Each structure stands twice: as structure tokens, then as C-alpha cells.
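**Q** Give me coordinates for this.
(one chain, ligands or ions: 1)
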Amino acid sequence: MSIDATHDPGLRSWVDSANTGETDFPIQNLPFGIFVDASGRGRIGVAIGEYVLDVAAAIETEALLLQGDLACALSAESLNSFMSLGAASWRDARTAISDLLREEAPRQDRLLRRMAETTMLLPASIGDYTDFYASRHHATNVGRMFRPDGDPLLPNWLHLPVGYHGRASSIVVSGTDIKRPHGQLKPDDGPPVYAPCRLLDYELEFGAFIGSANAMGSPVGIGQAMDHIFGLVILNDWSARDIQKWEYQPLGPFNAKNFASTISPWVVTMQALAPYRSNGPARQADDPALLDYLTPATGSSDAIDVIAEVHLSSAVMREAGTAAMRLSRGTLADLSWSFSQMLAHHTSTGCPMNAGDLIGSGTVSGPEKTARGCMLELSWRGTEPIDLPDGTQRRFLQDGDELTISAFCERDGATRIGFGGCSGVILPAG
Ligand code: MN
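**A** Numbers count the residues shown, from 1 in each chain. Prediction:
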């Protein structure tokens with residue numbers, strides 16, 4: 001996944017809205033997603049400026065000439081087959097699509113649909129979903145709040161990427177409303193009750209879609225892990241903190257996390273992200289040495305510098321036309337464990353991963369207060385409420401609140417690329 005001609009900052013597209021310098025989707029990005037076609041079926045698209053390129057139509061009309069298995073996979077109703085073909089095929093497709101859209105190529109407006117008029121679906125059929133806990137800042141903050149007397153990091157945290165097996169069936173695409181869940185809550189002064197969640201939260205995360213599978217019994221080595229990852233989406237891991245507090249010991253999160261997780265519709269490929277690789281934070285002087293299977297090769301730069309922003313708008317704010325309020329801004333490069341390390345650890349037992357499986361990073365928090373990636377940390381468990389422009393305060397999310405996460409990459413010598421948005425509105429428990 002190296003930098004090639006498709007990343008050239010000088011490239012422009014015949015789609016004018018891709019050349020503004022501000023769009024999330026210049027020709028250097030080319031993320032894949034699934035849009036609904038006229039017959040109501042899913043179809044593979046590539047985002048370009050304010051448009052979606054209909055990839056299957058480009059193949060049918062021979063505007064896009066690809067090998068048989070690649071052409072077949074890109075004419076499917078989800079990205080799973082394409083993801084399963086592996087990095088060489090992903091690169092071939094990207095190069096061909098870049099050539100089709102570049103300024104020097106003939107205009108093919110009939111292959112475009114206005115993005116504003118398209119409905120997006122989940123990009124893949126997600127077989128399995130795992131969520132990690134890879135931010136040292138998040139783990140430390142949560143540890144301080146819940147175990148004020150001990151070391152905020154539990155003893156295993158510095159030795160392995162901690163995770164849990166999540167629930168794929170409740171992953172939804174951006175724009176889907178989120179119903180406040182009911183659950184078992186334990187008041188401090190009485191027996192548990194079954195009631196609507198009162199401490200509803202979001203978690204700013206990124207999700208990595210697995211492309212190349214590994215066979216059961218065959219771990220993915222740390223040096224190969226990046227080649228197994230197709231691309232990234234924004235992930236909001238909605239969390240019911242009161243349900244979580246009562247249920248999480250001894251086996252970890254369960255119903256607190258299984259009612260909904262939202263992802264952005266466009267998968268930004270690892271190839272598009274190649275110019276934004278970085279080294280991530282150094283391990284601290286007194287941190288333990290990593291075991292070999294988690295030790296990246298020297299200079300492997302497996303971290304990715306993606307900046308993410310979280311905005312909140314209440315129903316009142318939206319009615320009044322008030323702009324959404326920014327809650328935080330952080331970067332994926334602050335994660336202490338890379339997706340390569342997460343995947344190497346996940347498969348270290350021989351656990352098989354399949355195309356379309358999703359790995360969540362865990363809440364992305366940075367060292368600064370402005371880079372805390374969830375309400376639990378921002379309001380410090382509700383003790384430091386946040387003032388909204390409509391005159392109300394938030395400790396956790398209220399019905400009618402819309403939470404939006406956006407993300408982009410920027411670096412000298414490269415073209416800015418973005419992820420689009422990942423949003424959801426909270427509906428009452430009913
Ligand atoms: Mn999470």
C-alpha cells in the first residue's frame with residue numbers, strides 16, 4: 001500500500017466538484033460504498049466530489065475495463081466479494097477508476113448520480129464485529145473515574161490490545177435514527193430496575209474492514225496485517241453507561257453496547273490513506289517490552305493520522321437554525337495500539353477473520369481535554385456538564401440530540417481527503 005500515481009496532488013477530475021480543495025472526495029480519495037439503485041437494490045459506488053460513480057454501470061458500458069473476477073465482484077450488491085480479492089485487486093480497481101475520472105479522460109456524466117439524492121446502505125455484510133480499547137488516554141480516564149484508588153490502567157493493558165466480541169446485527173449506516181434502549185439499571189440505593197437508559201453516550205471510533213481472510217488456525221503476522229485490511233470507516237459505538245456499569249464485571253460489556261453502532265457509508269481504502277501513515281505515540285520508558293507477535297518492524301508506520309471532529313445539535317438548535325456545537329477534536333494517530341496489532345492479536349489464537357468483518361478501534365481520545373472521545377470523559381462522568389448554545393446542559397445525550405462525527409486527513413504534499421459524516425438522532429425509548 002504505497003504512494004503511487006493515484007495520489008498525485010496534481011491530479012484533477014472532469015467532475016468539477018472534486019477539484020475544490022475542500023471536498024472530502026477529490027480524485028485522490030475514491031472511497032467505496034453501496035447506494036440504492038432505481039430498483040431498490042444495493043450497487044457499488046465510488047464517491048467523487050458531489051457525485052457517486054455507478055461502478056457497475058461503468059463496467060457494463062466498458063468505460064471501466066477490468067479482469068473478469070474483479071468486474072464481477074464490483075457488480076455485486078455489497079463490497080464483500082471485492083474486499084475478499086486482496087490488495088493487488090484493490091490497487092487495480094483504484095488505478096482504473098482514477099484513470100476513468102481524471103480530467104484528461106472523456107466526460108461520462110451518465111455514470112454519475114448526485115450524492116445528495118442517493119440513499120446509502122451498509123458497505124458490506126458484516127459477519128463479525130469486535131471492538132477494542134486501544135487509546136491509552138481513554139483507558140486511563142475511564143480507569144481514573146471508575147477505580148480512583150488503583151492504577152488507572154489494568155495490568156494487561158500495556159501487554160495486549162484489550163477487546164471484546166461485539167454484535168454485528170445492530171450495526172447501522174449513518175442517518176439511521178437510534179432508539180434509546182431499555183435495560184437493567186442499578187440505583188446506588190436500591191434494587192435494579194428495568195427502565196430506559198439515562199446515561200446514553202457515544203464513542204468516537206474508527207472501524208477497519210477486513211478484506212483478505214485468514215484460515216482457521218493460521219494467525220495473521222504483524223508484518224502482513226496491514227495487507228489484510230481493506231479500509232476504514234468512522235464508527236460511533238453508542239453506549240448505555242448505566243447498563244454498562246451494572247453488567248460489565250466480570251465478563252465485559254454486553255447489553256450496554258448491543259443496541260446500535262453507527263458507521264459512515266464510505267470506506268476510505270488503506271491505499272487512499274497511504275500518504276497519512278505515521279508512527280503513532282512512542283511507548284513510554286517504563287512500559288513493558290512487547291512480545292514478538294505484537295512488535296512491528298522498525299519504521300513500519302502502521303498508525304494513520306486521521307483527524308476526527310464530533311458535533312452535537314439538540315432538536316431545539318436544529319429548529320432554530322443554530323449551528324451544531326463542536327464537542328471534541330482528536331486524531332486516530334493518538335492510539336497506542338495500531339489496527340495491525342489489533343488484527344495480529346485477534347488472530348493470534350488462529351481465529352479466522354472474513355471479508356467484511358469489522359474491527360473497532362475503541363474510543364479515540366487524546367491527551368488534551370478537547371480531544372476526549374465520549375461524553376463520559378467530556379463531562380467527567382456527569383460532574384462537569386457541557387453548556388449548549390440553546391441554554392441547556394448535557395451530561396449525557398438527550399432525546400432529539402443529533403450526534404455527528406466527521407473526519408479528514410491533511411498533510412503537506414498530499415491532497416486533503418475526508419470520510420463524509422457519521423450521524424444519528426436519538427429517539428425516545430417509547
Ligand atoms: Mn467502544
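**Q** who's in contact with residue 422?
**A** Neighbouring residues of residue 422 by CB atoms under 8 Å, 6 or more residues apart in numbering: 174, 233, 234, 235, 236, 262, 263, 264, 404, 405, 406. In short, each C-beta sits where N, CA and C put it, glycine included.
**Q** Now do the first one against the ion, distance only.
**A** From residue 174 over to the ion the distance is 17 Å, taken as CB to the ion, to the nearest Å.
**Q** tell me, how many neighbours does that residue end up with?
**A** Neighbour count for residue 174, taken as other CB atoms under 10 Å: 21.
**Q** my guess is it meets residue 120, correct?
**A** Yes - counting by CB atoms under 8 Å, residue 174 touches residue 120, with 7.3 Å between them.
**Q** Next, show the common contact partners of the two.
**A** residue 265.
**Q** Now render the contacts of residue 422 as JSON lines, adding secondary structure and pLDDT.
**A** Below are those laid out as JSON lines (DSSP: H, G, I helix; E, B strand; the rest coil; pLDDT from 0 to 100):
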{"residue": "174", "secondary structure": "coil", "pLDDT": "98"}
{"residue": "233", "secondary structure": "strand", "pLDDT": "98"}
{"residue": "234", "secondary structure": "strand", "pLDDT": "98"}
{"residue": "235", "secondary structure": "strand", "pLDDT": "98"}
{"residue": "236", "secondary structure": "strand", "pLDDT": "98"}
{"residue": "262", "secondary structure": "strand", "pLDDT": "98"}
{"residue": "263", "secondary structure": "strand", "pLDDT": "98"}
{"residue": "264", "secondary structure": "coil", "pLDDT": "98"}
{"residue": "404", "secondary structure": "strand", "pLDDT": "98"}
{"residue": "405", "secondary structure": "strand", "pLDDT": "98"}
{"residue": "406", "secondary structure": "strand", "pLDDT": "98"}
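**Q** Can you pull the residues of the chain lying near the ion?
**A** For the chain, the residues in contact with the ion (CB under 5 Å from the ion) are 131, 203, 237.
**Q** between the residues you listed, which is nearest the ion?
**A** Nearest to the ion among those, counting by CB to the ion, is residue 237 at 3.5 Å.
**Q** what's the distance between the closest one and residue 163?
**A** Distance from residue 237 to residue 163, counting by CB to CB, to the nearest Å: 12 Å.
**Q** Compare those two (neighbour count), which wins?
**A** The residue with more neighbours, out of residue 237 and residue 163, is residue 237; 27 against 20, by other CB under 10 Å.
**Q** Which residues are in contact with the closest residue in space to the more buried one that isn't next to it in sequence?
**A** Leaving aside its chain neighbours, residue 237 sits nearest to residue 203 (4.0 Å; criterion: CB to CB, 6 or more residues apart in numbering). Counting by CB under 8 Å, 6+ apart, residue 203 touches 236, 237, 238, 239, 362, 363, 373, 374.
**Q** What of residue 120?
**A** 33, 34, 35, 36, 173, 174, 175, 265, 266.
**Q** Can you check the residues you listed and name whichever has the most neighbours?
**A** For those, neighbours tallied by other CB under 10 Å; top is residue 266, 31 neighbours.
**Q** Need the contacts of residue 120 in JSON lines (columns: secondary structure).
**A** Output for these, formatted as JSON lines (DSSP: H, G, I helix; E, B strand; the rest coil):
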{"residue": "33", "secondary structure": "strand"}
{"residue": "34", "secondary structure": "strand"}
{"residue": "35", "secondary structure": "strand"}
{"residue": "36", "secondary structure": "strand"}
{"residue": "173", "secondary structure": "strand"}
{"residue": "174", "secondary structure": "coil"}
{"residue": "175", "secondary structure": "coil"}
{"residue": "265", "secondary structure": "coil"}
{"residue": "266", "secondary structure": "coil"}
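**Q** which among those residues gets closest to residue 384?
**A** Comparing the contacts of residue 120 against residue 384 with CB to CB picks out residue 174 as the nearest, at 28.7 Å.
**Q** ok, and the closest non-adjacent residue to that closest one?
**A** Using CB to CB, 6+ apart, the closest residue to residue 174 is residue 422 (4.6 Å).
**Q** What residues are bridge-paired with the one you found?
**A** Beta bridges link residue 422 to residue 405 when assigned by DSSP bridges.
**Q** Likewise for the one 5 residues further on?
**A** Beta-bridge partners of residue 427, counted by DSSP bridges, are residue 179.
**Q** isn't it right up against residue 401?
**A** No - counting by CB under 8 Å, residue 427 does not reach residue 401; the two are 10.2 Å apart.
**Q** tell me the average confidence for stretch 142-157?
**A** If you average the pLDDT over stretch 142-157, you get 92.
**Q** All the strands of the stretch 251-400 of the chain, residue numbers only.
**A** Taking DSSP state E, counting those that start in this stretch, the strands of the stretch 251-400 of the chain run over residues 261-263, 268-269, 277-278, 303-304, 307-313, 325-331, 358-360, 386-387, 393-394.
**Q** and those strands as TSV, adding mean neighbour count and distance to residue 99?
**A** As requested, the strands of the stretch 251-400 of the chain are exported to TSV (neighbours: other CB atoms under 10 Å; distance: least, CB to CB, whole Å):
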stretch	mean neighbour count	distance to residue 99
strand 261-263	27	29
strand 268-269	28	16
strand 277-278	18	24
strand 303-304	24	26
strand 307-313	21	29
strand 325-331	20	32
strand 358-360	27	30
strand 386-387	12	48
strand 393-394	16	48
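**Q** how about these, which one is nearest residue 337?
**A** Closest among the strands of the stretch 251-400 of the chain, using CB to CB: strand 303-304, at 9.5 Å.
**Q** For the closest one, which helices and strands make contact with it?
**A** Here strand 303-304 touches strand 277-278, going by 3 or more CB pairs under 8 Å, 6 or more residues apart in numbering; DSSP states H and E.
**Q** Give me the sheet partners of the strand it packs on and which way each runs.
**A** strand 303-304 (antiparallel).
**Q** which residues touch the partner strand?
**A** 232, 273, 276-280, 332-333, 335, 338-339, 409.
**Q** can we see that at 10 Å?
**A** 206, 208, 226, 232, 268, 270, 273-274, 276-281, 296, 331-340, 409 (CB atoms under 10 Å, 6 or more residues apart in numbering).
**Q** Just the buried ones out of those residues, please.
**A** 206, 208, 226, 232, 268, 270, 273-274, 276-278, 280-281, 296, 331-340, 409 (16 or more other CB atoms under 10 Å).
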